[in-house]
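A.B. asks: how does the following fold in three dimensions:
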Amino acid sequence: MVLQAEGLTRRFGETLALDDVALTLRTGEVHALMGQNGAGKSTLIKLLTGAERADAGSIRIDGRAIAPATPLDAQREGISTVYQEVNLCPNLSVAENLYAGRFPRNRFGLIDWPRVRRGARELMAQLHLDVDVDSLLGSHPVAVQQMVAIARALGVSARVLILDEPTSSLDEGEVRELFRVMRQLRERGMAILFVTHFLDQVYAVSDRITVLRNGRRVGEYTPSELPQSALVTAMVGREVVLAKGHARSGAMAEDAPVVAEAEGLGLRGRLQPTDLRLRAGEVLGLGGLLGSGRTELARLLFGLDRPGQGRLRVAGRDAAFRDPADAIAAGFALCPEERKTEGIVAGLSVRENIILALQARMGLRRFLPRARQEELARRFVDLLGIASASIETPVGALSGGNQQKVVLARWLATEPTLLILDEPTRGIDIAAKQEVMAEVERRADEGMAVLFISAEIEELTRLCDRIAVMRERAKAGELPGGSGAEQVLALIAGHEAEAAGAA
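C.D. replies: Numbers count the residues shown, from 1 in each chain. Below is the predicted model of the structure:
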């Protein structure tokens with residue numbers, strides 16, 4: 001055993017975030033840490049990495065008690081962490097990020113840059129990555145940035161590597177490469193704590209699984225003794241039916257009202273001319289790899305960017321949105337991909353976040369009465385199952401899944417005619433995913449048009465009436481609802497004929 005935690009407890013005011021939790025990591029293993037949003041996973045990681053101090057309990061490395069007061073303390077004890085949002089410096093080079101805080105010095109006391117570059121190349125070579133170590137970290141995709149963060153952990157001789165949602169922004173090829181690196185590190189004797197919401201990935205790479213629920217440890221298992229359905233039950237505390245197959249009709253009436261229509265909509269260097277039609281009561285899926293143009297199209301539809309060509313028609317009339325306020329006034333809503341930086345206002349309460357868009361649409365001179373604000377907040381907290389001690393709790397204190405529900409509630413409160421959801425289930429647990437998708441289906445059944453953007457092909461094939469696929473910043477084609485994952489993958493890969501034949 002390289003790391004042993006016992007009786008870890010942490011309170012935040014009246015909230016017991018972690019209650020007498022134990023965790024054991026062994027050398028040469030990948031140990032999955034599973035649980036719903038709010039189960040205590042993030043708090044446990046913060047205690048292990050020195051970002052927070054435990055109220056009770058102990059942490060041992062190789063049998064020796066430690067009490068890291070800062071992440072640097074934990075790093076010195078051999079514990080390194082790679083977070084979902086890579087916390088390196090994008091304005092520095094790859095080499096500078098690898099050696100920040102521990103630059104080697106020459107005999108004059110200056111940074112030994114040749115040694116830095118040489119060491120950086122050696123670290124990257126250990127992960128079989130051919131990267132210019134003098135290039136800016138921010139010039140590389142997220143997958144490469146995460147590999148740099150892992151290489152940094154190698155450079156500081158980490159015994160324990162914590163990977164917190166490392167695959168949430170990666171495509172399938174990048175996930176496979178990350179798993180190759182994880183297996184390589186496991187063979188070298190590193191203990192890896194792997195946090196993810198993707199059940200298939202747990203069974204693809206993990207040796208053991210620890211499940212948390214409501215701040216307590218449910219148990220520790222091997223993958224062979226805990227099938228997926230049992231894992232979900234352990235996480236949620238009740239049986240959850242995992243959705244399989246196409247749940248919606250897969251066929252929309254051709255005469256359904258067209259809520260919005262893009263004709264040749266594009267922006268030079270960001271999106272090629274694109275046609276898209278959204279009907280009332282329809283869930284239109286938008287798939288494709290990262291960087292394929294999905295988010296760029298959403299930004300043009302919502303007025304965040306001004307199109308360089310083409311036109312947008314709303315309810316049959318030409319529309320030229322100057323900014324998102326125009327889009328909101330036209331009945332559009334957008335839940336952005338980056339909820340932390342573009343969705344929530346962390347310092348405001350749940351109530352204030354929920355009424356934000358509705359108040360913006362009403363204008364500065366018409367204030368939403370406090371009683372109406374509280375009524376709306378409580379209704380959506382109940383409707384979406386938002387776990388919060390109070391509607392006055394700062395939304396930044398909620399788990400990621402509950403933050404996502406607050407953002408969704410904000411836009412549902414405006415009663416939009418078109419709801420654009422950009423990766424609404426990214427980084428949230430299986431139960432929250434089911435709840436969000438069920439709400440999307442319900443709203444579509446009531447007549448709302450929904451544009452559902454997701455990298456999860458299974459979500460698209462299960463939920464959507466039609467699926468449009470983006471490739472290289474252009475629309476590659478469309479598929480009817482009920483199409484299989486193989487047709488979607490064929491379009492993504494550029495095999496249009498194969499996709500059409502399969503359909």
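A.B. asks: phi and psi next, for the residue nearest to Q184 when sequence neighbours are not counted.
C.D. replies: On the basis of Cβ to Cβ, 6 or more residues apart in numbering, the spatially nearest residue to Q184 that is not a chain neighbour turns out to be L127, at 7.6 Å. Yep, even glycine has a C-beta here, placed from its N, CA and C like the rest. Recorded main-chain torsions at L127 are phi -100, psi 10, according to degrees, to the nearest 10.
A.B. asks: report pLDDT for L127.
C.D. replies: Among the per-residue scores, L127 holds a pLDDT of 77.
A.B. asks: for G331, see how far away it is.
C.D. replies: As for L127, its distance to G331 is 48 Å (criterion: Cβ to Cβ, to the nearest Å).
A.B. asks: got it, and A125?
C.D. replies: Going from A125 to G331 by Cβ to Cβ gives 54 Å.
A.B. asks: same question, V258
C.D. replies: Using Cβ to Cβ, V258 is found at 13 Å from G331.
A.B. asks: now M34: phi and psi?
C.D. replies: In terms of degrees, to the nearest 10, the main-chain angles of M34 are phi -120, psi 150.
A.B. asks: and it, what's its pLDDT?
C.D. replies: The per-residue pLDDT of M34 was computed as 91.
A.B. asks: one more: A234?
C.D. replies: Each residue has a pLDDT score; the one for A234 is 86.
A.B. asks: same deal with M437?
C.D. replies: With respect to pLDDT, M437 has a value of 81.
A.B. asks: just the pLDDT at R115, thanks.
C.D. replies: R115 is assigned a pLDDT of 92 by the prediction.
A.B. asks: ok, it - contacts?
C.D. replies: Applying Cβ atoms under 8 Å, 6 or more residues apart in numbering to R115 gives the contacts 104, 106.
A.B. asks: got it, and G396?
C.D. replies: With the criterion set at Cβ under 8 Å, 6+ apart, G396 makes contact with 344, 346-347, 403.
A.B. asks: farthest pair within the residues you listed?
C.D. replies: G347 and Q403 (12.9 Å; Cβ to Cβ).
A.B. asks: distance from stretch 359-367 to the middle of the chain?
C.D. replies: With Cα atoms, centre = their mean, to the nearest Å as the basis, stretch 359-367 stands 31 Å off its chain's centre.
A.B. asks: what are the buried residues along it?
C.D. replies: Buried residues in stretch 359-367, counted by 16 or more other Cβ atoms under 10 Å: Q359.
A.B. asks: quick one: end-to-end length of that stretch, please.
C.D. replies: Taking Cα to Cα, to the nearest Å, the span from the opening residue of stretch 359-367 to its closing residue is 7 Å.
A.B. asks: ok, now stretch 58-66?
C.D. replies: By Cα to Cα, one end of stretch 58-66 lies 8 Å from the other end.
A.B. asks: contact partners of that stretch?
C.D. replies: Applying Cβ under 8 Å, 6+ apart, the contact partners of stretch 58-66 are 1-8, 47-48, 67-68, 73-74, 77-79, 159-160.
A.B. asks: filter the residues you listed down to the buried ones.
C.D. replies: Buried by 16+ other Cβ under 10 Å: 2-5, 8, 47-48, 68, 74, 77-79, 159-160, out of these.
A.B. asks: what about those residues, which are in helices?
C.D. replies: In helices, defined here by DSSP state H, the members of the buried ones among the contacts of stretch 58-66 are 47-48, 74.
A.B. asks: coming back round to it: give me the more crowded residue out of G347 and Q403.
C.D. replies: The neighbour comparison of G347 against Q403 (other Cβ atoms under 10 Å) goes to Q403, with 24 against 10.
A.B. asks: the more surrounded of A125 and G331?
C.D. replies: Neighbour totals were compared for A125 and G331, and G331 leads with 19 against 12 (other Cβ under 10 Å).
A.B. asks: so that one makes contact with L418?
C.D. replies: Yes. In this structure, G331 sits in contact with L418. The criterion is Cβ atoms under 8 Å, and the distance is 6.4 Å.
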